[in-house]
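>>> Give me the fold of what follows.
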Amino acid sequence: MPGTKHSLSDTSMNIKRLSDLADPAKTPRIVFKVGSSLLVGRNGLPRRDWLTMLCGEIREARLRGQEVIVVSSGAVALGAARLGLEKGGRGSLADAQAAAAVGQIELSGLWSELLGHQDLTAAQLLVTLQDLDERRRYLNASATIGKLLKAGAVPVINENDSVATHEIRFGDNDRLAARVAQAANANAVVLLSDVDGLYDRNPTDPEAKLLPIVEGVTEEIHAMASGDSSSGMGSGGMTSKLQAAEIAERAGIALAILNGTLLRPFNYALDNDTGTLFLPRRNDTSIKAWLGGRQRLFGSIMVDPGCAKALAEGGSLLATGITQVEGTFSRGDPVSICDVVGTPIAQGLVEYDSEEVQRIKGHRTEELQPLLGYSPRSAVVHRDQMVLL
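Take a look at the predicted model:
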């Protein structure tokens with residue numbers, strides 16, 4: 001149900017080490033994200049041997065009793081090679097869309113073929129940012145994934161790059177994987193990439209140390225990240241992976257960054273206990289986890305220190321604490337709530353349009369009816385429709 005908490009008391013919140021990701025009692029449902037540089041060689045051809053081994057690992061997970069979802073990059077890289085496009089198909093939006101249109105056919109066929117060799121049925125889902133940011137479409141995607149898993153299929157999910165624009169797209173499959181994990185009520189996300197995990201500094205530094213466990217993505221953790229993709233082929237980097245970890249951890253979902261460049265990368269990482277595991281810190285209700293993972297917001301509301309304190313203590317956003325309003329939004333739109341210096345502290349669904357919030361900001365509840373021309377609602381953003389960041 002949309003307002004209920006995830007059933008994690010015996011699963012995700014008990015994940016403490018990498019080996020737990022192969023334990024069906026602790027991780028009954030897992031999402032594997034595969035980066036472009038792992039799936040496609042620099043010659044533009046799929047790395048079939050590597051992918052065959054990964055499909056074998058997926059079958060092993062299924063035999064252990066785990067349900068598996070795949071978020072797969074690679075369509076743009078495959079299509080760019082077929083079309084002879086420069087910069088891996090990322091020279092322009094038009095290039096990326098054209099490359100994706102060609103490459104997605106090859107990508108889905110590849111997964112279908114190689115999973116089929118493992119007696120597994122692949123199912124393709126192409127999603128956009130709007131599919132997971134709009135509540136009804138999010139619930140539809142959730143129901144579809146659940147039905148496919150119940151039927152024994154392996155959902156293979158990618159962003160629909162052929163129609164997505166710069167303004168309404170995830171831009172990387174790291175965050176998409178975390179959002180898919182939320183929609184699927186998964187217990188863990190595994191980001192297979194071309195790095196070992198998160199280091200405390202640039203990994204080229206001989207003094208750099210791999211962080212095995214991270215409990216909460218803080219400003220200090222963000223400072224360790226680089227936004228660059230080392231392969232030059234994908235669209236994500238360590239920054240996007242940390243953003244994915246934040247989305248996951250709000251929903252009580254563990255996330256691991258593992259080096260996928262080796263054959264059988266999942267088993268290798270677990271057998272050698274190498275990688276970075278981000279432990280979930282919270283177990284928000286479904287709707288609050290969805291709100292916290294939203295990327296597209298329609299405006300921002302700045303509040304005074306007293307209001308910020310009240311929100312932190314579980315209160316709703318009232319007009320009296322609002323100092324500034326930015327953007328144009330309508331009732332029901334998601335907005336960012338910021339402190340006096342502009343730092344986002346929460347986000348939620350607003351009960352008034354932006355013009356009305358401008359009119360009532362700073363006023364007490366008993367003063368709102370004459371300003372609005374009708375009886376005011378209980379809050380500008382109710383606590384049940386808001387998530388703290």
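
>>> The stretch 201-350 of the chain: helices as residue ranges?
Along the stretch 201-350 of the chain, counting by DSSP state H, counting those that start in this stretch, helices occupy 219-223, 238-250, 265-272, 286-293, 305-312.

>>> Show me what the shortest one is packed against.
On a contact count with 3 or more C-beta pairs under 8 Å, 6 or more residues apart in numbering; DSSP states H and E, helix 219-223 meets helix 238-250. In this view, the C-beta of every residue, glycine as well, is placed from N, C-alpha and C.

>>> And the lowest mean pLDDT element among the helices and strands of this structure?
None of the helices or strands of the chain scores lower by mean pLDDT, DSSP states H and E than helix 286-293, at a mean of 82.

>>> ok, now which ones touch Val70?
31-34, 58, 111, 154-157 (C-beta atoms under 8 Å, 6 or more residues apart in numbering).

>>> Dump those residues into CSV; add pLDDT, neighbour count and secondary structure as well.
Output for these, formatted as CSV (pLDDT from 0 to 100; neighbours: other C-beta atoms under 10 Å; DSSP: H, G, I helix; E, B strand; the rest coil):
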residue, pLDDT, neighbour count, secondary structure
Val31, 98, 29, strand
Phe32, 98, 25, strand
Lys33, 97, 31, strand
Val34, 96, 26, strand
Ile58, 98, 23, helix
Trp111, 98, 26, helix
Val154, 98, 24, strand
Pro155, 98, 23, strand
Val156, 98, 24, strand
Ile157, 97, 24, strand
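
>>> I'd like to know which elements the least confident helix or strand of the chain is packed against.
Checking 3+ C-beta pairs under 8 Å, 6+ apart, helix 286-293 ends up next to helix 135-150, helix 173-184, helix 238-250, strand 344-349, strand 386-388.

>>> Compile the ones you listed into JSON lines and extend it with columns for distance to Asp333.
Shown next, in JSON lines, are the helices and strands packed on helix 286-293 (distance: least, C-beta to C-beta, whole Å):
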{"stretch": "helix 135-150", "distance to Asp333": "12"}
{"stretch": "helix 173-184", "distance to Asp333": "19"}
{"stretch": "helix 238-250", "distance to Asp333": "20"}
{"stretch": "strand 344-349", "distance to Asp333": "7"}
{"stretch": "strand 386-388", "distance to Asp333": "13"}
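
>>> What separation is there between the nearest residue to Arg264 once chain neighbours are set aside and Gly152?
Leaving aside its sequence neighbours, Arg264 sits nearest to Met53 (C-beta to C-beta, 6 or more residues apart in numbering; 5.0 Å). Applying C-beta to C-beta, to the nearest Å, the value for Met53 to Gly152 is 22 Å.

>>> ok, Asp339 touching Gln324?
No - Asp339 lies out of contact with Gln324 (C-beta atoms under 8 Å); the separation is 11.1 Å.

>>> Find residues that contact each of these two.
By C-beta under 8 Å, 6+ apart, the residues touching both Asp339 and Gln324 are Met302.

>>> Could you count how many residues lie near Asn158?
Neighbour count for Asn158, taken as other C-beta atoms under 10 Å: 25.

>>> so it, which of the three states?
Under DSSP: H, G, I helix; E, B strand; the rest coil, the three-state class of Asn158 is strand.

>>> I'd like the distance between it and Val217.
On the measure of C-beta to C-beta, Asn158 and Val217 end up 25 Å apart.

>>> And for Leu318?
Plainly put, Leu318 is 30 Å away from Val217 if you go by C-beta to C-beta.

>>> now do Lys33
Lys33 is 17 Å from Val217, by C-beta to C-beta.

>>> Report the buried residues of stretch 72-87.
For stretch 72-87, the buried set under the neighbour-count rule, 16 or more other C-beta atoms under 10 Å, comprises 72-81, 85.

>>> Also stretch 22-39?
For stretch 22-39, using 16+ other C-beta under 10 Å, the buried residues are 22-24, 26-39.

>>> for stretch 297-305, same thing?
297, 299-304.

>>> chain center to it, what's the gap?
Remark: stretch 297-305 is offset 23 Å from the chain centroid, using C-alpha atoms, centre = their mean, to the nearest Å.

>>> Equivalent analysis for stretch 246-263, please.
Relative to its parent chain, stretch 246-263 has a centroid offset of 10 Å by C-alpha atoms, centre = their mean.

>>> Just the terminal-to-terminal distance for it.
Taking C-alpha to C-alpha, to the nearest Å, stretch 246-263 runs 29 Å from one end to the other.

>>> Identify each buried residue in that stretch, please.
Neighbour-count burial for stretch 246-263, counted by 16+ other C-beta under 10 Å, picks out 246-261.

>>> what's the closest of the residues you listed to Ser142?
Ala251 (12.2 Å; C-beta to C-beta).

>>> Now for the closest one: which residues touch it?
Listed by C-beta under 8 Å, 6+ apart, the contact set of Ala251 reads 6, 181-182, 280, 282-284, 289, 292-293.

>>> same deal with Thr276?
Counting by C-beta under 8 Å, 6+ apart, Thr276 has contacts 196-198, 210-214, 256-257.

>>> By pLDDT, rank those and give me the bottom one.
Lowest pLDDT within the contacts of Thr276 is found at Asp196 (91).

>>> That one contacts Pro203, correct?
Yes - proximity of Asp196 to Pro203 meets the contact threshold set by C-beta under 8 Å, at 7.3 Å.

>>> Please parse this protein into its domains.
Taking automatic domain parsing as the domain assignment, the ranges for the chain are 12-290, 297-388.

>>> looking at those, which one has the lowest mean pLDDT?
domain 12-290 (a mean of 90).
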